[in-house]
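Enquirer: Just need the structure, nothing else, for what follows:
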Amino acid sequence: MAPDAGTAESSESARLVLLTLAAGQFLMALDSSVMNVSIATVAEDVGTTVTGVQSAITAYTLVMAMFMIPGGKAGALIGRKRAFMIGCVIYGCGSLTTALAPNLPVLLLGWSFLEGIGAALILPAIVALVASNFTAERRPAAYGLVAAAGAVAIAVGPLIGGVATTYFSWRWVFAGEVVMVLGILVLGRRIADAPIGERPRIDLAGAALSALGLGIFVYGVLRSGEWGWFQPKPDAPSWLGVSLTVWLMLSGLLLVWLFLRWEARLVVRHGEPLVDPEMLRNKQLTGGLTMFFFQYLVQMGVFFVVPLYLSVALGLSALKTGARILPLSVTLLAAAVLIPRFFPDVSPRRVVRLGVLALLAGAVVLMAALDADAGAEIVTVPLLLIGLGMGALASQLGSVTVSAVPEAQSAEVGGVQNAVTNLGASIGTALAGSIMIAALTTSFLTSVEQNPAIPAEVRSRATVELQSGAPFLSDAQLKSAFDRAGTSREVARAALDANTAARIDGLRAALAVLALTALLALFFTHRIPTTQPRSTEPRVRG
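Expert: Alright, predicted model coming up:
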């Protein structure tokens, strides 16, 4: 009976460890979507504008991108478990500061800086701790559940934010995060630490180059919607006639190149690199990282487009918008959990390809179903397909990247992996947003120009005022603006019809780009291995 009892105890301990790490991943991802439905309320509460709150959300992504690789190395220096626990404490302090924030500067300190630093310590440590607590045979399922927890957080974030904002206060979301952090700290004592080995030195020059390179690149991407991707929008900063977005992205890439050259130089001199450049020549690792990039680009683009359609185009409440996104969570979780359980020996490459095809199919079906007269129900089938694709990718990619290198490098992989996912998420949101606004503006101005019911002077004024981009407005917002301006009923009706059609055109254009990106991802799946990683080491810790 003793062996059975021991096995049961070990199994229960492994489940608690997995629950703890998945809870950490859930918490990190929640902030990416939980306040998207409550931006206006938060702005009013802390005495700022919608743009101010959006800057706090984007700064959170920026801080994570800048410090993710150094955060992974910090785990090797102080221990992965300790980095995880310290990161949770910093993140909890950030959540508490945000919950009590009286103004925007305090909000930026808590939400963007403290939570971003905490996440940069936590996320790479999670990757390493999964590797050290589960055998290679069980890692696909473990990584699948952890990745699914993050994706589910993004999917249910709008629902959680809508409930809190509608019935309580948005501050309760961040207060709840503090409670969740305390629970993770209590359960985290059961986690077995990854072996540290010889304590490395921190490459400060490499840390500065990687942080500045990724930070400047991501900042440029995030400002693309306001400044323009290539041609500068009116009154936007530019140099040599080209949008500052391009120059920032090029500067970021140059700094990343210098970072890799510096790291290679350290290796030659037998120093301690932040990331071993040789690791990035690993075909399996770079294949997994590439697919992570495409997954998060498409994923965050979809999470940007679908809520806009539901909440703005259809006028659904925050609660109903969140509820309509839930089908995605169902198939995502099912695929992430059931594929490793029932098909433990399946080819990772086959699963990844099927997952990408599901993402592509979901984007195409949604694009085809969008119509001015369509209802909220049209998103159900596409979101089921997209969730299935995300879950399939989540069930394989984490194991693919970590199994490509020795366990001692798992924290480094975690830092690079999370930097890549944040990069993909930033580009996905910015790309979908800028394409959508560009298509919406073109469609709206074309409809206005061709409509004889709209006076020539109104058409001329609209062309001038909207040349930098038309806002994505609901019918209620547009009617209110027309009422305040005293616009005639005929002109208002024509403009409303044009805006309705333009919104759909903008959403379709964004989905078309996301579908094209998913199709492009298929060309990189050959780098994913065809067999599951296997190990005979008894490394499940209790």
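
Enquirer: list the contacts for residue 64?
Expert: 116, 119, 120, 123, 418, 422 (CB atoms under 8 Å, 6 or more residues apart in numbering). Heads up, the C-betas are built off the backbone N, CA and C, glycines and all.

Enquirer: what's the spacing between the strand or helix carrying the third one and its chain's center?
Expert: Here residue 120 sits within helix 115-133, counting by DSSP states H and E. Centroid separation between helix 115-133 and its chain, computed with CA atoms, centre = their mean, to the nearest Å, is 16 Å.

Enquirer: Give me the helices and strands touching that helix, please.
Expert: helix 2-30, helix 50-78, helix 80-99, helix 139-167, helix 397-402, helix 410-450 (3 or more CB pairs under 8 Å, 6 or more residues apart in numbering; DSSP states H and E).

Enquirer: Looking at those helices, which is nearest to residue 353?
Expert: helix 397-402 (12.4 Å; CB to CB).

Enquirer: Output the closest one in CSV, but only the C-alpha positions, please.
Expert: Taking Å, rounded to 0.1, in the frame of the first residue of the first chain, the C-alpha atoms of helix 397-402 are listed here in CSV:
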residue,chain,number,x,y,z
LEU,A,397,5.2,24.7,-28.4
GLY,A,398,6.4,25.1,-24.8
SER,A,399,7.8,21.6,-24.8
VAL,A,400,9.3,22.0,-28.3
THR,A,401,11.4,25.1,-27.2
VAL,A,402,12.6,23.9,-23.8
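
Enquirer: so which of the helices and strands packed on helix 115-133 is the most packed in?
Expert: Looking across the helices and strands packed on helix 115-133 with neighbours counted as mean count of other CB atoms under 10 Å, the highest average goes to helix 397-402: a mean of 27.

Enquirer: Residue 345: what secondary structure?
Expert: Following DSSP: H, G, I helix; E, B strand; the rest coil, the label given to residue 345 is coil.

Enquirer: Spatially, which two of the contacts of residue 64 are the most separated?
Expert: Taking CB to CB, no two of the contacts of residue 64 sit farther apart than 116 and 418, at 11.8 Å.

Enquirer: Does residue 315 lie in a helix or a strand, and which?
Expert: Counting by DSSP H and E, residue 315 is found in no helix or strand.

Enquirer: Can you give me the separation between it and residue 158?
Expert: Using CB to CB, to the nearest Å, residue 315 is found at 15 Å from residue 158.

Enquirer: same deal with residue 389?
Expert: For residue 389, the distance to residue 158 - CB to CB - is 20 Å.

Enquirer: Same question for residue 386.
Expert: Residue 386 sits 15 Å away from residue 158, going by CB to CB.

Enquirer: For the residue nearest to the spatial centre of the chain, which residues are in contact?
Expert: Nearest to the geometric centre of the chain sits residue 425, at 4.1 Å (CA atoms, centre = their mean). Contacts for residue 425 (CB under 8 Å, 6+ apart) come out as 32, 61, 296, 297, 299, 300.

Enquirer: how does it look with 7 Å?
Expert: 61, 296, 300 (CB atoms under 7 Å, 6 or more residues apart in numbering).

Enquirer: Three-state assignment for residue 234, please.
Expert: coil.

Enquirer: Quick check on it: phi, psi?
Expert: In terms of degrees, to the nearest 10, the main-chain angles of residue 234 are phi -50, psi 130.

Enquirer: Could you do the one 3 residues further on as well?
Expert: Comment: the main-chain dihedrals of residue 237 come out as phi -70, psi 150, following degrees, to the nearest 10.

Enquirer: Per-residue pLDDT of residue 293, please?
Expert: pLDDT for residue 293: 90.

Enquirer: ok, for it, nearest residue in space, not its chain neighbours?
Expert: Excluding the flanking residues, the one nearest residue 293 by CB to CB, 6 or more residues apart in numbering is residue 424, at 4.1 Å.

Enquirer: surely that neighbour meets residue 296?
Expert: Yes: counting by CB atoms under 7 Å, residue 424 does reach residue 296; the two are 3.5 Å apart.

Enquirer: list residues touching both of the two?
Expert: With contacts defined as CB under 7 Å, 6+ apart, no residue is shared by residue 424 and residue 296.

Enquirer: contacting residues for residue 122?
Expert: Residue 122 neighbours (CB under 7 Å, 6+ apart): 24, 28, 84, 87, 88, 91.

Enquirer: ok, which pair from those is furthest apart?
Expert: The widest separation within the contacts of residue 122 (CB to CB) is 11.2 Å, between 28 and 84.

Enquirer: ok, back up a step: measure the residue nearest to the centre of the chain to residue 223 for me?
Expert: 16 Å.

Enquirer: Repeat that for residue 316.
Expert: Distance from residue 316 to residue 223, by CB to CB: 29 Å.

Enquirer: end-to-end on stretch 404-414?
Expert: 12 Å (CA to CA, to the nearest Å).

Enquirer: Ok, stretch 127-140 next?
Expert: 12 Å.
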